[in-house]
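In: Have a look; sequence and predicted model below, questions after that.
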Amino acid sequence: MKKHNFSAGPSILSDYAVNNTIDAIRDFAGTGISLLSISHRSKEFQAVIDEAGALVKELLGVPEGYSVLWLGGGASMQFAMIPYNFLRHRAGYLDTGTWAHNAIKEARLFGEVDVLASSEPDHYTYYPHDYTIPEGLDYLHITTNNTIYGTELHADIDAPCPLIADMSSDIFSRPVDVKRYDAIYAGAQKNLAPAGVTLVIVKDEALGKVDRPIPTMLDYRTHVKKGSMFNTPPVLPIFTALQTLRHYKELGGVDALYESASLKAGRLYEAIDNSTMFCGTARIPDRSLMNVTFVMSPEYAHLEKDFIDFCSQRDIVGIKGHRSVGGFRASLYNALPLESVDALINAMNDFETAHK
């Protein structure tokens with residue numbers, strides 16, 4: 001029996017993407033060569049990277065003047081590449097969780113960083129909204145979804161300065177007005193592909209503004225010029241990303257994915273709110289559609305491990321909360337079916353009934 005996989009990343013991928021990748025590992029595009037052995041310079045793989053970029057632009061409505069890049073190093077590499085390429089004097093950051101905090105730490109190596117707002121004093125249980133964006137910022141950096149703490153920014157910010165976003169865990173789950181951003185980046189291992197590739201969407205005219213010399217591999221212009229082929233790209237995860245993007249288009253695009261995400265999250269949050277045993281941790285207006293975080297009520301806290309074991313017996317995996325916060329986290333990425341959400345809700349109800 002297949003598992004109900006709520007892992008936060010690497011996370012569930014659609015059968016469509018997995019099965020097509022397996023087939024290509026055996027024989028890629030009828031070449032008689034495995035995807036694992038194909039030259040990235042072959043015309044067959046060039047077609048993959050070209051189509052993947054075109055589908056990103058189509059699904060997200062990326063306007064002219066932006067490049068789609070497929071890079072290594074994960075989103076964590078982008079924490080340094082962003083200030084390397086964009087920070088001249090001063091940048092603004094919102095501190096909304098662990099990954100935003102890490103991005104701030106990296107940016108301070110390159111220039112002055114203003115933390116405009118932080119929810120850290122309240123254990124990152126909300127997304128800050130009450131802050132002022134000062135004049136003169138080179139850019140404002142935001143993390144749109146905070147996987148560990150289960151908070152999310154649900155609408156694009158109207159910033160008076162260039163806007164840059166880490167969308168690693170909610171990209172393709174809601175409509176995005178790309179023209180508001182100078183750069184968007186996302187590690188693939190949530191809503192796109194296996195770990196090993198990072199999607200970057202960058203505004204071409206925003207590049208080349210800093211005075212510092214930039215190492216070749218860390219300069220976005222290198223990868224724009226070479227079409228993500230300056231060095232050997234991560235072939236397999238890019239191929240899987242293409243399969244995911246094709247599947248998203250078949251499902252109806254980002255609007256349909258947003259509707260599905262809202263339905264799944266709404267159903268699970270309703271179950272948590274109606275429970276006496278479980279309670280949510282994020283403030284209601286900022287609850288994530290991708291990562292639902294919750295804990296046992298204090299009188300039931302001793303049953304936390306028992307509930308995880310109970311879920312495991314029902315083939316429900318990946319719900320243990322991040323090691324830094326404990327409790328539970330159910331990640332509802334696009335590939336997770338509604339039936340898995342219902343399975344978790346049924347387990348919660350049955351466990352609560354058995355322990356009243």
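Out: It's in. Given the structure is predicted, the values throughout are model-derived calculations rather than measurements.

In: I'd like to know the average pLDDT value across the lengthiest helix in the chain.
Out: Taking DSSP state H as the criterion, the chain has its longest helix at helix 253-273. The average pLDDT within helix 253-273 is 98.

In: Identify each buried residue in that helix, please.
Out: Within helix 253-273, the residues that count as buried by 16 or more other Cβ atoms under 10 Å are Gly253, Val254, Leu257, Tyr258, Ser260, Ala261, Lys264, Ala265, Leu268, Tyr269, Ala271, Ile272. Glycine gets a C-beta too; all of them are placed from N, C-alpha and C.

In: now for that helix, which elements pack on it?
Out: Judged by 3 or more Cβ pairs under 8 Å, 6 or more residues apart in numbering; DSSP states H and E, the packing partners of helix 253-273 are helix 43-60, helix 235-251, strand 278-280, strand 291-296, helix 338-354.

In: Tyr248 reaches Val254, doesn't it?
Out: Yes. Using Cβ atoms under 8 Å, Tyr248 is in contact with Val254, at 7.3 Å.

In: quick one: Leu59 and Ala52, what's the gap?
Out: From Leu59 across to Ala52, the span is 11 Å (Cβ to Cβ, to the nearest Å).

In: So for the two, which sits in the more crowded spot?
Out: Set Leu59 next to Ala52 and count neighbours by other Cβ atoms under 10 Å: Ala52 wins out with 26 against 19.

In: in terms of contact, does the more buried one touch Gln243 like I think?
Out: No. Contact criterion Cβ under 8 Å: Ala52 and Gln243 do not qualify, at 9.3 Å.

In: and the closest residue to Phe230 other than its chain neighbours, how many neighbours does it have?
Out: Using Cβ to Cβ, 6 or more residues apart in numbering and skipping the chain neighbours, the partner closest in space to Phe230 is Thr222 (5.2 Å). Thr222 has 16 neighbours, counted by other Cβ under 10 Å.

In: Thr222 belongs to a strand?
Out: No. Using DSSP: H, G, I helix; E, B strand; the rest coil, the secondary structure at Thr222 is helix, not a strand.

In: any idea how far it is from Asn231?
Out: Noted for Thr222: a distance of 9 Å to Asn231, by Cβ to Cβ.

In: can you check Val224 too?
Out: Distance of Val224 to Asn231, given as Cβ to Cβ: 14 Å.

In: More neighbours: those two, which one.
Out: The neighbour count for Val224 versus Asn231, taken as other Cβ under 10 Å, is higher for Val224 (18 against 13).

In: Quick check: the more buried one touching Leu71?
Out: No. The pair Val224 / Leu71 is not scored as a contact, 10.9 Å apart, by Cβ under 8 Å.

In: Can you pull up the most central residue in this structure?
Out: In the chain, the C-alpha nearest the mean C-alpha coordinate belongs to Ser169, at 1.8 Å (Cα atoms, centre = their mean).

In: Quick check: neighbours shared by Tyr248 and Val254?
Out: Leu59, Phe172 (Cβ atoms under 8 Å, 6 or more residues apart in numbering).

In: what's the first-to-last distance across stretch 317-333?
Out: 14 Å (Cα to Cα, to the nearest Å).

In: swap in stretch 172-190?
Out: Its first and final residues considered, stretch 172-190 spans 10 Å by Cα to Cα.

In: Kindly report the same for stretch 121-136.
Out: First-to-last residue span, stretch 121-136, Cα to Cα: 27 Å.

In: And the contacts of it?
Out: Stretch 121-136 is contacted from outside by 89-90, 92, 94-98, 114, 116-119, 140, 146, 148-149, 151-153, 159-161, 281-283, 285-286, 325, using Cβ under 8 Å, 6+ apart.

In: what do you get if the cut-off is 7 Å, keeping everything else the same?
Out: With contacts defined as Cβ atoms under 7 Å, 6 or more residues apart in numbering, stretch 121-136 is touched by 90, 92, 94, 96-97, 114, 116-119, 140, 146, 149, 151-153, 159-161, 281-283, 286.

In: Need the buried ones from those residues selected in ChimeraX.
Out: Listed next is the ChimeraX selection for buried residues among those, using 16+ other Cβ under 10 Å:
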select :92,94,96,97,116,117,118,119,140,146,149,151,152,153,159,161,281,282,286
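
In: Now, the contacts of stretch 121-136 that are in strands?
Out: Arg90, Gly92, Leu94, Asp114, Leu116, Ala117, Ser118, Leu140, Asn146, Thr151, Glu152 (DSSP state E).
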